[in-house]
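Undergrad: Take this sequence and fold it.
(2 chains)
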Amino acid sequence: GQQLNQSPQSMFIQEGEDVSMNCTSSSIFNTWLWYKQDPGEGPVLLIALYKAGELTSNGRLTAQFGITRKDSFLNISASIPSDVGIYFCAGYYFSGTYKYIFGTGTRLKVLA
Amino acid sequence: EPEVTQTPSHQVTQMGQEVILRCVPISNHLYFYWYRQILGQKVEFLVSFYNNEISEKSEIFDDQFSVERPDGSNFTLKIRSTKLEDSAMYFCASGTSHGVPEQYFGPGTRLTVT
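TA: As a prediction, the model looks like this:
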């Protein structure tokens, strides 16, 4: 079945640094979404991308929908301690019915 | 800001027992979902629900599971005869349209099967 692989799996960064993570698949998606999950809480939607090549920002976050429709990346600029958490990509596609798949997650730890 | 709520926050049950997890979706949303997340792993889709019926379900959602919208506000997930491997966080989500994939998640119910 469809799988979304995220990299890196985890990362430690210094406060103020920029962060980049990506999500890849062997299959095409119609929509890419990025979520953040804090410990013990549900995922919170950060950014949704609807068209190949689309670049969208939400504050310090920027995400892009890859041209091939098989990948997406998320950048966080000037990281702060509250950016810590797990970032999940999710892909959405239609194959008879709508299907929604989450990636494996990138765990981010920010060192003050 | 409206949000999805779930109860209980933590449920402990013995193997073989039935549990019902409850969710109150955002009030003007029409599409409802259940997801599962085993500790330390990714979020897995279980089922989607629209117009009082299941619209999509995953391989995980077998006969042990059922969903119901018993009234205009609640959305429930029932797990019959729980197994140890059912221990996980269960998230409810809701959305305005099946064609619009933005979903809003509740805080989750941690289910522990002993």
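Undergrad: pull the helix or strand with minimum mean pLDDT from the chain.
TA: This is for chain A. Counting by mean pLDDT, DSSP states H and E, chain A has its least confident helix or strand at strand A:97-102, which shows a mean of 80.
Undergrad: think we crossed wires, I meant chain B
TA: Across the helices and strands of chain B, mean confidence by mean pLDDT, DSSP H and E is lowest for strand B:53-57: a mean of 89.
Undergrad: Can you list the strands that that one pairs with?
TA: Partner strands and pairing direction for strand B:53-57 (DSSP bridges) are strand B:44-50 (antiparallel).
Undergrad: Can I get the strand it pairs with in PDB? Just the C-alpha atoms.
TA: As requested, the backbone C-alpha atoms of strand B:44-50 are provided in PDB (Å, rounded to 0.1, in the frame of the first residue of the first chain):
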ATOM      1  CA  GLU B  44      -3.100   5.200  11.400                       C
ATOM      2  CA  PHE B  45      -6.500   5.700   9.800                       C
ATOM      3  CA  LEU B  46      -9.300   3.500  11.000                       C
ATOM      4  CA  VAL B  47     -12.500   4.800   9.600                       C
ATOM      5  CA  SER B  48     -14.400   7.700   8.100                       C
ATOM      6  CA  PHE B  49     -18.100   8.400   8.600                       C
ATOM      7  CA  TYR B  50     -20.600  10.600   6.800                       C
END
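Undergrad: in the least confident helix or strand of chain B, what's buried?
TA: The neighbour-count check on strand B:53-57 (16 or more other CB atoms under 10 Å in any protein chain shown) flags B:56-57 as buried. In short, each C-beta sits where N, CA and C put it, glycine included.
Undergrad: Alpha carbons of that strand, as PDB, please.
TA: As requested, the backbone C-alpha atoms of strand B:53-57 are provided in PDB (Å, rounded to 0.1, in the frame of the first residue of the first chain):
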ATOM      1  CA  GLU B  53     -22.700   5.500   7.500                       C
ATOM      2  CA  ILE B  54     -19.100   4.400   7.100                       C
ATOM      3  CA  SER B  55     -17.600   5.900   3.900                       C
ATOM      4  CA  GLU B  56     -14.100   4.300   4.200                       C
ATOM      5  CA  LYS B  57     -12.400   1.900   6.600                       C
END
